[in-house]
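1. how would this look folded up:
(chains A and B)
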Amino acid sequence: MTALNDLLLVTILVTNIALSGNSRLKTCIDIVSIQGFALGFLPAVIGLETGMSVELVVIAVAGIVLRGIIFPHLLKKSIQNASASRELKPLVGYFLSTVISLILIALSLWLSKRLQFLDSSLLLFSTVALATIFTGTFIIVGRRLAVMQIVGYILLENGIYCLGLAFVREIPLIVELGVLFDAIVAVFVMSVATNKIHEEFEHFDVVKLDSLKG
Amino acid sequence: MDTSGTLDLLLMGGFLAIPILGALAMLAARAPRHVLIINFAASLAAGILSLGLAFRLSGLDAVTVADGFLRADHFSAWHLLLLTLAVFSPASLFSFSYFRNDSHMTLNGMRRFGMLWQGSLASMSLALISGNIGIMWVAIEASTLFTAFLILREGSSASLEAMWRYIIMCSVGVAFAFIGTLLFAAAAQKAGLNGSDSLLLEKIYSVKDKLNPSLAMAGFIFVLIGYGTKAGLAPMHNWLPDAHSQAPGPVSAMFSGFLLNTALYCIVRFMPIASGASVDPGRPLKLLMLLGVLSIALSSIFIFFQKDAKRMLAYCSVEHLGIIAFGYALGPVGTFAALFHTLNHSLAKTTGFFTAGMLGKKFGTNDFSAFEGAAKKYPLWGGGLAISLLALIGVAPFSVFMSEFLLVKAGIDVSAWLPTGIFLAATCVVFVRMLKHSINIVWKPAASSAMTAGHSAEAADIEGKTKNGFVAIVVVVAPLILLLVLGLWMPEFLLDFMKRAGEALWSVR
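-> Coordinates of the predicted model:
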């Protein structure tokens, strides 16, 4: 079953690279959806290895529905009435972004190797988790469109979730569900805010939101 | 035993039940005013409940229910008392004055305000009574989401910008705090705790010597940066002046008076654990000290050049949160002063934002130049602002002076010369600058420029000067009198309670 596990992890890694180099918003959202599905199935695969429990099933189902379906749906809604279908002038160019995402993966691998408390079997797991966190943070900082900042936030959430799976086993169900619930409300609130920004300013370029200073 | 257990469950559950019931009751309200009445009643009820908790704790170390998921000791009870009685109750009372004759406030708009307000109350209370660091995180993130829409004012694009900055910065920051939470849980599991125990504050504390030092230290850094963003500690404070200056008056008061403190509370909760796990127990404290002193120093520069009253008060919050963090970072010696300063800051800052918010609404601008001579035109609001500025900078009889004096004393006791020196220098800068503003509000002839005042002032003038209402007077005058009394005389029970709160922080039982 480790083969399946690794396949899912590699999928997540590839989606990170793909996201950093893509300018079309719709494609980016589809990639987020793929990553969400891969991440959602992870607890189920872990369950196949270590013994299935009700909690794992609940978490897997909630994760798949949320990360694979609801998040992308909310994102799609918020770009529906937007004029821009792609981001033309990101703060960091697309080629450079792809290179940076590769460097971030290398950095994550190096960092995971240095974590002495980690079992060597979890090396790939923690590399993927850290790389997703770093890529998410990078997208939040490097893009101008509000929607892409939400994408970055989702990546960050995904990465942290993955990190939790790698480091900490048996988190109580209520805490897991609370975290998931917060994530969905956060994405919902952000997409509503994006819509409002679009109505008010007729754009959602966050770099142009600069009236408040000092 | 069993009956007291049920009673405890009711007591702790009440902190969630009251705001939820209040929010539901608002659906039945038929007029905007009714919503405000329910809002105030629920906030006050939560205040009475926290008094109940304080009494319940008189013979106990902590009240623990639901397998340790909910846990309150003196340290949490002290924060709950401030949250409900010093901030939420006065602020919801102040909304009667603030929203009077506000055309934007329809029944639905008011319901939205009230329900988000109660949601914020519930989430912040949950953060304070959670004995589980996972639940604590969930509550803090929830409070970000509840408060985000409170910043929004109808038809103001600047408030939208402020809201976006707030929600992105704080969500990302708080996400980092979750990494820290996970690292602590991982360390606790390595130290032999099982899955559900590894998130319980009390259990982690009991194995704090066995935690992997580097893991616990990394966890603490993430927690510090993450919750520090929400607490407005420099250099992660960028969202704060925008959100505080753009939000409506009662909301700014609530943000500054307690939202920041709730996040600082969470950082401080991890401190004894990190300190116990570390090879050098002082290292986590030094990190907090660094951020605290940086906040004090940076904010004093911004305060010096600030012309907007609400933004200045916001930077003043960065300064005061830095001062409180400085107190905690001095260790058990400074904890009492930090707790006392938390009370003083909450009282003085809410009053400051009430009065500045009201003047801003009347003049149509928050610029200090428009506020010159405001005390003659609006004695209550102008005078209130001038006096609360005096209280905030620590003029002698006010209790802020006392707590800052105690902090300096604690700093000298542990010979933290450099931080104490920076603290003194920065507060002097702030003192001089804000004293000038305060004098201008009272003595300087009113700004003649009618263009800043606009017609909104004239309209407000008609009702503003004639009657302020009993409620407005209570909300402004009572906290200031309290600050004055506490500066001169501290009742025995309050002193004891704060001492026990400090002990509860450093030895979790």
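2. remind me which residues of chain A are low pLDDT?
-> Along chain A, segments meeting pLDDT under 70 span A:1, A:81-84, A:88, A:116-118, A:214.
3. what parts of it come near chain B?
-> With C-beta under 8 Å from any C-beta of the partner chain as the criterion, chain A comes near chain B at residues A:117, A:133, A:137, A:140, A:146, A:149, A:153, A:156-157, A:160, A:163-164, A:167-172, A:174-175, A:178-179, A:181-182, A:185-186, A:189-190, A:193, A:196-197, A:200-201, A:206, A:209, A:211-212, A:214. For every residue, glycine as well, the C-beta is placed using N, CA and C.
4. OK, contacts around residue B:490?
-> Shown in contact with residue B:490 (C-beta atoms under 8 Å, 6 or more residues apart in numbering or on different chains): no residues.
5. next, it: secondary structure please.
-> Of the three states, residue B:490 takes coil under DSSP: H, G, I helix; E, B strand; the rest coil.
6. phi first, then psi, for it.
-> Backbone torsions for residue B:490, taken as degrees, to the nearest 10, come to phi -110, psi 120.
7. before we move on, what about residue A:205?
-> phi -90, psi 110.
8. contacting residues around it?
-> A:144-146.
9. that one pairs with what?
-> For residue A:205, the beta-bridge partners under DSSP bridges are residue A:145.
10. smallest gap between chain A and chain B, at which residue?
-> Residue nearest to chain B within chain A: residue A:170 (2.6 Å; C-beta to the nearest C-beta).
11. tell me who's in contact with that residue.
-> Counting by C-beta under 8 Å, 6+ apart, residue A:170 touches B:194-196.
12. so which of these comes closest to residue B:474?
-> Proximity of these to residue B:474 (C-beta to C-beta) peaks at residue B:196, which lies at 46.4 Å.
13. which residue is the nearest non-sequential neighbour of that closest one?
-> Ranked by C-beta to C-beta, 6 or more residues apart in numbering or on different chains and with sequence neighbours excluded, the top spatial neighbour of residue B:196 is residue A:172, at 4.7 Å.
14. does that neighbour really touch residue B:195, like I thought?
-> Yes. Here residue A:172 reaches residue B:195: they are 7.0 Å apart, a contact under C-beta atoms under 8 Å.
15. those two - which one has more neighbours?
-> Taking other C-beta atoms under 10 Å in any protein chain shown, residue A:172 and residue B:195 do not tie; residue A:172 has more neighbours (20 against 15).
16. if I pick that one, what's in contact with it?
-> Contacts for residue A:172 (C-beta under 8 Å, 6+ apart) come out as B:132, B:134, B:195-196, B:199.
17. using JSON lines, please lay out the contacts of residue A:170 together with distance to residue B:330, secondary structure and pLDDT.
-> Output for those, formatted as JSON lines (distance: C-beta to C-beta, whole Å; DSSP: H, G, I helix; E, B strand; the rest coil; pLDDT from 0 to 100):
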{"residue": "B:194", "distance to residue B:330": "36", "secondary structure": "coil", "pLDDT": "84"}
{"residue": "B:195", "distance to residue B:330": "36", "secondary structure": "coil", "pLDDT": "77"}
{"residue": "B:196", "distance to residue B:330": "35", "secondary structure": "coil", "pLDDT": "81"}
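18. identify, from the residues you listed, the entry nearest to chain A.
-> For the contacts of residue A:170, the minimum distance to chain A (C-beta to the nearest C-beta) is 2.6 Å, reached by residue B:195.
19. what does the closest one show for phi and psi?
-> Dihedral pair for residue B:195: phi -50, psi -50, per degrees, to the nearest 10.
20. residue B:416 contacts residue B:290, correct?
-> No. Using C-beta under 8 Å, residue B:416 is not in contact with residue B:290; the gap is 11.7 Å.
21. helix or strand for the most centrally placed residue in chain A, which one?
-> With distances taken as C-alpha atoms, centre = their mean, residue A:155 lies nearest the centre of chain A, 1.7 Å away. In this assignment (DSSP states H and E), residue A:155 forms part of helix A:146-167.
22. from the contact counts, what lies against that helix?
-> Counting contacts by 3 or more C-beta pairs under 8 Å, 6 or more residues apart in numbering or on different chains; DSSP states H and E, the secondary-structure elements packed against helix A:146-167 are helix A:2-20, helix A:25-50, helix A:71-80, helix A:123-142, helix A:173-201, helix B:157-190.
23. just to revisit the earlier point, which one is the residue nearest to the centre of chain A nearest to, not counting chain neighbours?
-> Leaving aside its chain neighbours, residue A:155 sits nearest to residue A:136 (3.0 Å; criterion: C-beta to C-beta, 6+ apart).
24. now do the same contact list for the one you found.
-> By C-beta under 8 Å, 6+ apart, the neighbours of residue A:136 are A:152-159.
25. residue B:8 now?
-> Neighbour list for residue B:8: B:56, B:63-65 [criterion: C-beta under 8 Å, 6+ apart].
26. pLDDT wise, what is it at?
-> With respect to pLDDT, residue B:8 scores 89.
27. domains of chain B: list them as residue ranges, please.
-> By the assignment in automatic domain parsing, chain B contains the domains B:1-131, B:138-281, B:290-509.
28. that older thread, among the contacts of residue A:172, find me the one that's closest to residue B:108.
-> Of all the contacts of residue A:172, residue B:108 sits closest to residue B:134, with 35.0 Å by C-beta to C-beta.
29. show the pLDDT at the closest one.
-> As predicted, residue B:134 sits at a pLDDT of 92.
30. same question for residue B:462.
-> What the model reports as pLDDT for residue B:462 is 46.
31. skipping its backbone neighbours, what lies nearest residue B:189 in space?
-> residue B:198 (4.7 Å).
32. how about residue A:183?
-> Nearest residue to residue A:183, sequence neighbours excluded (C-beta to C-beta, 6+ apart): residue A:157, at 5.0 Å.
33. the one you found contacts residue B:172, doesn't it?
-> No. Residue A:157 is beyond contact range of residue B:172, at 9.9 Å (criterion: C-beta under 8 Å).
34. name the residues contacting each of those two.
-> Common contacts of residue A:157 and residue B:172 (C-beta under 8 Å, 6+ apart): none found.
35. the more surrounded of the two?
-> Ranked by neighbour count (other C-beta under 10 Å), residue A:157 and residue B:172 place residue A:157 first, with 28 against 21.
36. residues in contact with residue B:76?
-> Counting by C-beta under 8 Å, 6+ apart, residue B:76 touches B:128-129, B:265.
37. wait, which of these is closest to chain A?
-> Nearest to chain A, judged by C-beta to the nearest C-beta, of those is residue B:129 at 14.7 Å.
38. ok, that closest one - how many residues close by?
-> Applying the criterion other C-beta under 10 Å, we find 28 residues in the vicinity of residue B:129.
39. can you give me phi and psi for it?
-> phi -100, psi 10.
40. that one and residue B:64: what is the separation?
-> 10 Å (C-beta to C-beta, to the nearest Å).
41. list the residues that contact both of these two?
-> In contact with both residue B:129 and residue B:64: B:70-71, using C-beta under 8 Å, 6+ apart.
42. since we're on residue 71, how many residues are nearby?
-> All of this refers to chain A. By other C-beta under 10 Å, the residues close to residue A:71 number 27.
43. my bad, the chain I had in mind was chain B
-> Counted with other C-beta under 10 Å, residues neighbouring residue B:71 total 21.
44. let me know the helix or strand that it is in.
-> Using DSSP H and E, residue B:71 falls within strand B:70-73.
45. now the helix or strand that that strand is followed by - C-alpha only, CSV.
-> Per DSSP H and E, the first helix or strand lying C-terminal to strand B:70-73 is helix B:74-81. Output of helix B:74-81 as CSV, limited to C-alpha atoms (Å, rounded to 0.1, in the frame of the first residue of the first chain):
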residue,chain,number,x,y,z
HIS,B,74,-7.4,32.1,37.7
PHE,B,75,-5.4,33.2,34.7
SER,B,76,-8.2,32.5,32.3
ALA,B,77,-10.8,33.8,34.7
TRP,B,78,-9.0,37.1,35.0
HIS,B,79,-9.0,37.4,31.2
LEU,B,80,-12.7,36.4,31.0
LEU,B,81,-13.6,39.1,33.5
